[in-house]
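> sequence first, predicted model second:
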Amino acid sequence: MSSPEARPPWWHGAALYQLYVRSWRDTNADGYGDLRGIIERLDHLSWLGVDGVWLSPTMPSPDQDWGYDVSDYTGVHLELGTLADLDELIAEAGRRGLRVLLDLVPNHTSSAHPWFIDAAASRDAAHRDYYVWADPAPGGGPPNNWLDFTGQPAWQWHESGQYYLHNFLAGQPDLNWWQPAVHAEFRDILAFWFSRGVAGFRIDVANGLYKDAELRDNPPAASDNPLESHFGLRPVYNTNRPQTHGIYRDWRTIADSYAPARLLLGETWVAEPERLASYYGDNDELQLGFNFPFALSDFDAPRLAKIVEQTLTALPPGACPVWMGSNHDIGRFPSRWCDGDERKIRLALLVLATLPGTTVLYYGDEIGMEDVDVPAALRRDNATLAGVSAVNRDRARTPMPWDAGPVGGFAAPGVTPWLPTADHPVSNVADQRADADSTLWLCRRLLALRRTELSGGIASFEQLPAAEGQWAYRVGSLIVAANFSGQAAAIPRAAGEVLLTTYGAWPDRPTAAMLGPWQGLVAQLAIR
């Protein structure tokens with residue numbers, strides 16, 4: 001028998017669930033979801049079969065960017081609950097075999113954080129060097145051509161006679177990771193949460209952090225790929241600086257000092273698989289890094305297959321890939337990939353649930369929840385309200401539809417949610433729970449199959465020959481066949497007993513069976 005130390009980490013083969021706290025369940029009638037609401041609905045997550053939950057930001061914040069502007073790294077936002085509520089949530093999740101990850105924002109703080117308040121008080125302030133300050137350019141104006149995520153100059157003039165850097169909103173000043181004291185602060189922050197039982201962090205802007213010491217101008221972009229281009233510039237000097245890797249080697253040592261080891265999951269917004277692989281280091285940096293080329297791809301079999309192959313080739317031996325289709329920034333895959341077509345939604349869930357490594361679902365993915373067209377007057381995202389960015393991030397942050405009630409069971413009757421629910425009838429958890437043929441039940445079956453066949457390690461993977469418009473692969477001892485077309489398709493010769501299909505009953509004589517349009521299946525590997 002292997003020793004506990006030799007067992008694969010729990011996240012190898014796991015399914016994580018991203019939960020946008022403000023839109024999950026409101027228990028105090030203020031229109032915002034809260035930690036008590038998560039506790040009330042933990043049984044949904046354990047029934048679904050996920051292994052861990054990633055919570056959107058829970059730390060105190062003025063909410064200029066809905067928690068991604070942190071004003072206290074060791075507290076809980078008053079609108080979401082208390083530290084005791086979070087402790088209870090972690091404990092209750094643990095009783096159900098669920099781990100809890102928090103969102104950590106190390107690239108920037110809120111301008112309301114005590115560090116910045118002190119830093120802005122004087123050029124000689126104790127915390128001045130916690131942030132990136134610079135004098136005007138020789139001819140006046142911002143120090144360089146960097147742009148924030150709304151397309152405006154990333155520098156804010158301050159009455160102290162210098163500019164400060166904000167790669168996001170002006171209320172989110174960037175931290176100066178060249179300052180050793182910032183490293184020390186975050187070591188303490190990690191220790192604070194790890195000691196409370198937090199299973200790890202999803203790290204916001206994980207490839208940002210260090211900025212070029214010379215503050216050089218970014219060069220023009222050569223493409224319009226959002227992973228390589230930023231409003232016509234290639235973000236060479238304000239992201240992906242080599243010094244950032246040292247932070248994660250340091251943090252990994254801290255994470256590995258706990259039993260079980262804590263997880264570092266990075267928001268690695270990079271285009272190249274080799275760049276993604278660099279954030280794993282020699283298996284001594286991040287344990288997981290999000291694969292945005294996969295998530296932002298078209299729902300196209302050859303393209304997705306190529307990204308998977310390139311990723312698995314680039315990652316260091318033993319490293320664990322991560323697959324997702326939706327999140328709070330890029331929107332929901334049922335809309336972006338599938339145009340609301342339930343057959344495609346089910347096929348996408350099959351792919352996400354059967355790729356090797358770790359899969360991440362966004363709340364509502366399990367019921368095929370689509371983006372909601374939030375009217376301009378009801379939008380709450382400041383990037384959208386600024387009128388510069390074409391991205392409406394509110395569309396993917398609307399309340400979870402629990403039932404067919406007026407606000408979908410998100411809040412008590414008569415309460416107005418912080419973002420609107422869909423203005424047309426949508427499927428909900430209660431209705432799908434009552435229908436054994438629903439997308440929700442399919443998702444549950446997929447995750448159960450994943451846990452039985454693919455958990456506890458990184459399953460071996462092999463692409464199989466497939467006709468145009470098809471994707472077939474072996475993962476562990478399973479064969480997956482996915483028909484990305486509107487015509488019937490043959491199943492792979494390697495497919496044995498069919499364990500699951502995305503829709504419809506499977507015939508008793510599989511040798512004569514064909515995949516229907518946009519249908520997928522999972523089968524045992526045939527023994528020949």
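It's in. Numbering: from 1, shown residues only.

> quick one, helices of the stretch 301-450 of the chain?
Secondary structure of the stretch 301-450 of the chain, counting by DSSP state H, counting those that start in this stretch: helices at 301-314, 333-336, 342-354, 382-385, 429-433, 439-454.

> do you know which of those helices lies nearest Leu209?
helix 382-385 (20.7 Å; C-beta to C-beta). Just so you know, the C-beta spots here come from the backbone N, C-alpha and C atoms, and that holds for glycine as well.

> what's that closest one in contact with?
Gln64, Asp65, Phe149, Thr150, Leu169, Arg379, Ser389, Val391, Asn392, Arg393, Asp394 (C-beta atoms under 8 Å, 6 or more residues apart in numbering).

> correct me, but the fourth one touches Leu169?
What that stands for is Thr150. Yes - between Thr150 and Leu169 a contact is recorded at 7.4 Å, counting by C-beta atoms under 8 Å.

> who has more neighbours, the two?
Leu169 (22 against 19; other C-beta atoms under 10 Å).

> can you report phi and psi for the more buried one?
Dihedral angles of Leu169 (phi, psi; degrees, to the nearest 10) stand at phi -70, psi 160.

> then Thr501?
With angles defined as degrees, to the nearest 10, Thr501 sits at phi -130, psi 160.

> next, count neighbours for it.
Residues near Thr501, counting by other C-beta under 10 Å: 20.

> contacts only, for it.
Here Thr501 is in contact with Gln519, Gly520, Leu521, Val522 (criterion: C-beta under 8 Å, 6+ apart).

> which of the residues you listed are buried, as a ChimeraX select command?
Filtering those down to the buried ones (16 or more other C-beta atoms under 10 Å) takes a single ChimeraX command:
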select :519,520,521,522
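
> inside strands: which ones of the contacts of Thr501?
Using DSSP state E, the subset of those located in strands is Gly520, Leu521, Val522.

> let's have those in TSV, adding pLDDT and distance to Asp371.
What follows is those, written out as TSV (pLDDT from 0 to 100; distance: C-beta to C-beta, whole Å):
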residue	pLDDT	distance to Asp371
Gly520	98	23
Leu521	97	28
Val522	97	28
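
> reformat these as JSON lines; add distance to Ala199.
Shown next, in JSON lines, are the ones in strands among the contacts of Thr501 (distance: C-beta to C-beta, whole Å):
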{"residue": "Gly520", "distance to Ala199": "31"}
{"residue": "Leu521", "distance to Ala199": "33"}
{"residue": "Val522", "distance to Ala199": "28"}
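
> just those residues now: which is nearest Leu89?
Val522 (33.2 Å).

> list the buried ones in stretch 45-55?
Leu45, Leu48, Gly49, Val50, Asp51, Gly52, Val53, Trp54, Leu55.

> tell me the one of those nearest Tyr210?
The closest of the buried residues of stretch 45-55 to Tyr210 turns out to be Trp54 (C-beta to C-beta; 24.4 Å).

> for that closest one, which non-adjacent residue is closest in space?
Leu101 (4.3 Å; C-beta to C-beta, 6 or more residues apart in numbering).

> just the CA trace of the one helix or strand that neighbour maps to, in CSV.
Using DSSP states H and E, Leu101 maps to strand 99-104. Coordinates of each C-alpha in strand 99-104 appear next as CSV, following Å, rounded to 0.1, in the frame of the first residue of the first chain:
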residue,chain,number,x,y,z
ARG,A,99,-12.7,21.7,-0.1
VAL,A,100,-13.0,25.5,-0.2
LEU,A,101,-10.8,27.8,-2.2
LEU,A,102,-10.7,31.6,-1.8
ASP,A,103,-10.0,34.2,-4.4
LEU,A,104,-6.7,36.0,-3.7
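
> what does stretch 213-222 contact?
134, 143-146, 178, 228-230, 232-238.

> just the buried ones from these?
Pro143, Asn144, Asn145, Trp146, Ser229, His230, Leu233, Pro235, Tyr237, Asn238.

> check which residues of the lowest-mean-pLDDT helix or strand in the chain are buried.
Lowest on mean pLDDT, DSSP states H and E among the helices and strands of the chain sits helix 382-385, with a mean of 77. Applying a neighbour-count criterion of 16+ other C-beta under 10 Å, the buried positions in helix 382-385 are Asn382, Ala383, Thr384.

> contacts only, for Leu454.
Contacts of Leu454 (C-beta under 8 Å, 6+ apart): Gly13, Thr354, Pro356, Val475, Gly476, Leu478.

> any idea what the fourth one is bridged to?
Taking DSSP bridges, one obtains Phe461, Leu478 as the residues bridged to Val475.

> give me the nearest residue to the most centrally placed residue in the chain, chain neighbours excluded.
Nearest residue to the geometric centre of the chain (C-alpha atoms, centre = their mean): Asn327, 5.3 Å. Of all residues not flanking Asn327 in the chain, Tyr362 sits nearest, at 5.5 Å (C-beta to C-beta, 6+ apart).

> bridging residues for that neighbour?
Gln18.

> tell me the pLDDT of it.
For Tyr362, the pLDDT comes out at 98.

> doesn't His328 make contact with it?
Yes - if you go by C-beta under 8 Å, Tyr362 and His328 touch, sitting 7.4 Å apart.

> for the two, indicate the residue with more neighbours.
Tyr362 (24 against 20).

> so what's the more buried one up against?
Tyr17, Gln18, Tyr20, Met324, Gly325, Ser326, Asn327, His328, Arg332, Ala396.

> out of those, which are buried?
Tyr17, Gln18, Tyr20, Met324, Gly325, Ser326, Asn327, His328, Arg332, Ala396.

> among the residues you listed, name the ones in strands.
Going by DSSP E, the strands hold Tyr17, Gln18, Met324 from the buried ones among the contacts of Tyr362.

> and of these, the nearest to Ala255?
Nearest to Ala255 among those, with distances taken as C-beta to C-beta, is Gln18, at 19.9 Å.

> picking that back up, lowest average pLDDT across the helices of the stretch 301-450 of the chain?
Among the helices of the stretch 301-450 of the chain, helix 382-385 carries the lowest mean pLDDT (a mean of 77).

> still on that earlier bit, looking at the buried residues of helix 382-385, spot the one nearest Arg336.
Thr384 (17.0 Å).

> the closest one and Gly318, how far apart?
Going from Thr384 to Gly318 by C-beta to C-beta, to the nearest Å gives 41 Å.

> now, which of the contacts of helix 382-385 sits nearest Arg196?
Nearest member of the contacts of helix 382-385 to Arg196, counting by C-beta to C-beta, is Asp65, at 24.6 Å.

> for that closest one, give me its contacts.
So Asp65 contacts Phe168, Leu169, Gly171, Gln172, Asn382, Ala383 (C-beta under 8 Å, 6+ apart).

> can you lay out the contacts of Thr501 as JSON lines showing distance to Glu370?
Output for those, formatted as JSON lines (distance: C-beta to C-beta, whole Å):
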{"residue": "Gln519", "distance to Glu370": "21"}
{"residue": "Gly520", "distance to Glu370": "20"}
{"residue": "Leu521", "distance to Glu370": "25"}
{"residue": "Val522", "distance to Glu370": "25"}
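
> in the contacts of Thr501, find the pair that's most separated.
Every pair of those checked by C-beta to C-beta; the farthest is Gln519 and Val522, at 11.6 Å.

> residue ranges with poor pLDDT in the protein?
1-6, 386-391, 423-425, 509-512, 528 (pLDDT under 70).

> farthest-apart pair in the buried ones among the contacts of stretch 213-222, please.
The widest separation within the buried ones among the contacts of stretch 213-222 (C-beta to C-beta) is 21.6 Å, between Pro143 and Ser229.
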